[in-house]
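S.K.: The following block contains a protein sequence and its predicted model.
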Amino acid sequence: MRLAVLASGRGSNLLAILDAITRGELDAQVVGVFSDKADAPALAHARDAGVEARPLSPRGFASRSEFDEHLFSLVDAVQPDLIVCAGYMRLISDAAVAARIGRMINIHPSLLPEFKGLRTHQQALDAGVRMHGASVHYVTPELDGGPVIAQARVAIEADDDVARLAERVLQREHPLLVATLREISTGRITWESGGVHYGRRPLHAPLQLDDCNRLIQDFPA
Ligand code: GAR
């Protein structure tokens, strides 16, 4: 499975993918890393791994759609089977998304549909929920609104602040993303008829990451 990764910053999820490939835990190849930030550490991680790293600044483009047309022409050139948004923090224009439905996923730091957008950990703390986490979903034009494939749940502790919570969620994001990619690479997770299928059947509730970092159905409530 050829992966193109979009990342705006730190790139720890990209590193998790690269490490899983190196360890033989994910049968995939990262064929390009693309960033809207020239100094994104994710680009350095890509170069260190011998992967094509392409910064593209939105400055100089008249509109979001012009930028996206150019960006995705670079992405298309590496012929990915799947595009992975791993900490990519720019909105993507509807046309660019619509042309790639079912071929682009995103990892988001909340249990979607709760807490879309930014500052998700603060949103969770403000809401007083006891369970938080991360989701991997197919990208559709609705921001953070595409069908959810899989989630990792993280309990909120009484003395949590944003930094502590964000760190614990991030530690679960990495195995969540790798496990989801593995299931896509083996063909167990597919996009069919406008929705997520698991083992060729429509998936009615997100898969859940268990303590052994496997994706399971029917997680106990
Ligand atoms: C991750 O927590 C990811 O879920 C989040 O950005 C962080 C990127 O970390 N993504 C979003 O908020 C997307 N809306 P990383 O650069 O270390 O992978």
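M.R.: Arrived safely, thanks for sending.
S.K.: helix or strand for the closest residue to Q123 other than its chain neighbours, which one?
M.R.: Spatially, and ignoring its direct neighbours in sequence, Q123 is nearest to F115 (4.3 Å; C-beta to C-beta, 6 or more residues apart in numbering). Bear in mind the C-beta positions are built from the backbone N, C-alpha and C, glycine included. Using DSSP states H and E, F115 falls within no helix or strand.
S.K.: quick one: contacts for F115?
M.R.: F115 makes contact with 123-124, 127, 132, according to C-beta atoms under 8 Å, 6 or more residues apart in numbering.
S.K.: per-residue pLDDT, it?
M.R.: Looking at F115, its pLDDT reads 98.
S.K.: For the residue in the chain that the ligand sits nearest to, grab phi and psi.
M.R.: Residue of the chain nearest the ligand, by C-beta to the nearest ligand atom: G87 (2.6 Å). Backbone torsions of G87, given as degrees, to the nearest 10, read phi 80, psi 30.
S.K.: since we're on it, how many residues are nearby?
M.R.: When counting by other C-beta atoms under 10 Å, one arrives at 23 neighbours for G87.
S.K.: Verify the stated contact: it with G11.
M.R.: Yes: applying C-beta atoms under 8 Å as the test, G87 and G11 come out as touching, 6.8 Å apart.
S.K.: which intervals of the chain have sub-threshold pLDDT?
M.R.: Within the chain, the stretches with pLDDT under 70 are 219-221.
S.K.: Which stretches in it count as strands?
M.R.: Using DSSP state E, the strands found in the chain span residues 2-6, 29-35, 53-55, 82-85, 104-108, 131-138, 148-155, 189-192, 195-198, 201-202, 207-209, 215-216.
S.K.: could these go into CSV alongside mean neighbour count?
M.R.: As requested, the strands of the chain are arranged in CSV below (neighbours: other C-beta atoms under 10 Å):
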stretch, mean neighbour count
strand 2-6, 24
strand 29-35, 23
strand 53-55, 17
strand 82-85, 23
strand 104-108, 23
strand 131-138, 24
strand 148-155, 21
strand 189-192, 18
strand 195-198, 16
strand 201-202, 10
strand 207-209, 23
strand 215-216, 18
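S.K.: Could you dump the ones you listed into TSV and include distance to S65?
M.R.: TSV is the format used below for the strands of the chain (distance: least, C-beta to C-beta, whole Å):
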stretch	distance to S65
strand 2-6	16
strand 29-35	17
strand 53-55	19
strand 82-85	17
strand 104-108	16
strand 131-138	21
strand 148-155	26
strand 189-192	24
strand 195-198	26
strand 201-202	32
strand 207-209	33
strand 215-216	35
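S.K.: Residue numbers of the protein in contact with the ligand?
M.R.: Residues of the chain lying close to the ligand (C-beta under 6 Å from any ligand atom) are 7, 9-13, 86-87, 107-109, 134, 170, 173.
S.K.: Out of those residues, which end up buried?
M.R.: Buried residues within the residues of the chain next to the ligand, defined by neighbour count using 16 or more other C-beta atoms under 10 Å: 7, 9, 11-13, 86-87, 107-109, 134, 170, 173.
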